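In: Let's see this in three dimensions:
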Amino acid sequence: MKWATEIDPRIPGWLNTILNWPPFLLPMNIILPLLMFTSGYISAETGKWVWFDLTQQNPQMFRNGIFCIRFMFPFCFCLQIRWSATASPSYFQMILGWKLNGRFALTARFEDDGSAARGELTPNTDQSSGWLEGGK
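Out: All right, here's what the predicted structure looks like:
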């Protein structure tokens, strides 16, 4: 079993300790993507708008688009709503449940492509921007 602990400097040490122990931390191999629906992005392959995309596997928590919703096992609900390609902020993200790294999260944030690329703790690579297809 692979466990991924993390120390988040934005929260108190005692809360990091709690979040790094079960039941708030689960082995990464039991987190299973169940369903991801994305609507309203420009396909990298065709250059055309895609209005309905249903997938199971994706290495990112979110995909770029007007609307993205994801469900994972044992429980995770992720939501992203984008209203602009250039405004700051340009989208809203919410996570409730266990992330892909096995750690429990309750997140609600307004973000733009620049802040997503910088990341919360470390830079994120391979982030798509604007309406282009890809992970967020």
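In: Now do the helices for the protein: every range, in order, please.
Out: Remark: helices assigned in the chain by DSSP state H are 13-19, 113-118.
In: Other residues contacting the last one?
Out: Contact partners of helix 113-118, identified using Cβ atoms under 8 Å, 6 or more residues apart in numbering, comprise Ser88, Pro89, Ser90, Pro123, Asn124, Gln127, Ser129, Gly130, Lys136. The way it works is simple: take the backbone N, C-alpha and C, and place the C-beta from them, glycine included.
In: swap in stretch 122-130?
Out: Ile42, Arg63, Asn64, Ala85, Thr86, Asp113, Ala116, Ala117, Arg118, Gly134, Gly135, Lys136.
In: Give the rounded mean pLDDT of it.
Out: Averaged across stretch 122-130, the pLDDT comes to 82.
In: Now do the buried residues in that stretch.
Out: Neighbour-count burial for stretch 122-130 flags Gln127, Ser128, Ser129 (criterion: 16 or more other Cβ atoms under 10 Å).
In: now Ile95, nearest residue through space, not along the chain?
Out: Leaving aside its sequence neighbours, Ile95 sits nearest to Thr107 (Cβ to Cβ, 6 or more residues apart in numbering; 4.3 Å).
In: ok, now Phe73?
Out: That would be Leu32: by Cβ to Cβ, 6+ apart, it lies 4.2 Å from Phe73.
In: Next, count neighbours for that neighbour.
Out: Leu32: 13 surrounding residues under other Cβ atoms under 10 Å.
In: quick one: it and Phe71 touch, right?
Out: No. Between Leu32 and Phe71 there is no contact under Cβ atoms under 8 Å: 9.9 Å.
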